[in-house]
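> Here is the input, now give the coordinates:
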Amino acid sequence: MTEKDTEARRAFAAEIGAVARAIEGRPLDDALAARLEAEFPPNGPTFRRIAGLIETGDAEGWICPRENGGIRWGRVIAPGAEAGSFSVDVVMMESIRGPHHVHPKGEIGMIMPVVAEPNFDGHPEGWYVYGPGSAHHPTVTDGSAYVLYLLPDGAIEFTGR
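Purely as a prediction, here's the structure:
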């Protein structure tokens, strides 16, 4: 761990590391999304612990320490660290459309509501998986949410569109 190494940060790295190990090397597709929903459901202990640690980390300042255009964000774990080949980023979005980007190697996301019952790109609380080459304007509607995303090798390309 790096700066601001707290008990919560170490616990977060351990929890998300366990998820990453369970999915490392698997194709980023609908089957992976279904597996995540089954093994780490939103009402399950791992999902709930990660969500709680994100709230703690936000209060401690190591989750979402940056802000741009009304979106708070931060890269919490670099690729090659506790989450294997994945980087781990977290954003906090409230009824907003984010900057367009491409996922050269795909994206795995975890949606955690904060206020109301928000959707992220139309997905409710839980997991989503976007395959390699996918692109979007990340959008939260109907409330606010933390969105954790794992990027294989940390690969993301902002397009400016």
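
> what secondary structure does Trp127 sit in?
strand (DSSP: H, G, I helix; E, B strand; the rest coil).

> what's near enough to touch it?
Trp127 makes contact with 33, 36-37, 40, 108-111, according to Cβ atoms under 8 Å, 6 or more residues apart in numbering. Where you see a C-beta, it was placed from the backbone N, CA and C, and this is true even at glycine.

> Not counting its neighbours along the chain, what's nearest it?
Spatial nearest neighbour of Trp127, excluding adjacent residues (Cβ to Cβ, 6 or more residues apart in numbering): Leu36 at 4.0 Å.

> does the one you found sit in a helix, a strand or a coil?
helix.

> From one end of stretch 150-159 to the other, what's the distance?
For stretch 150-159, the first and last residues are 19 Å from each other (Cα to Cα, to the nearest Å).

> got the contact list for stretch 97-104?
Taking Cβ under 8 Å, 6+ apart as the rule, stretch 97-104 contacts 69, 71, 91, 130-139, 151, 155-161.

> give me that answer again for 10 Å
28, 68-71, 73, 91, 107, 120-121, 130-141, 147, 149, 151-153, 155-161 (Cβ atoms under 10 Å, 6 or more residues apart in numbering).

> From these, keep the buried residues only.
Using 16 or more other Cβ atoms under 10 Å as the burial test, the contacts of stretch 97-104 include 28, 71, 73, 91, 107, 120-121, 130, 138, 140-141, 147, 149, 151-152, 156 as buried.

> in stretch 114-126, what's buried?
Residues of stretch 114-126 classed as buried: 114, 118-121, 125-126 (neighbour count, 16+ other Cβ under 10 Å).

> farthest pair in the residues you listed?
Val114 and Asp121 (16.6 Å; Cβ to Cβ).

> Once you drop chain neighbours, what's closest to Ser144?
Distance criterion Cβ to Cβ, 6+ apart; nearest residue to Ser144, sequence neighbours excluded, is Glu94 at 3.6 Å.

> and the one you found, which of the three is it?
Applying three-state DSSP: Glu94 is strand.

> what's around it, how many residues?
16 (other Cβ atoms under 10 Å).
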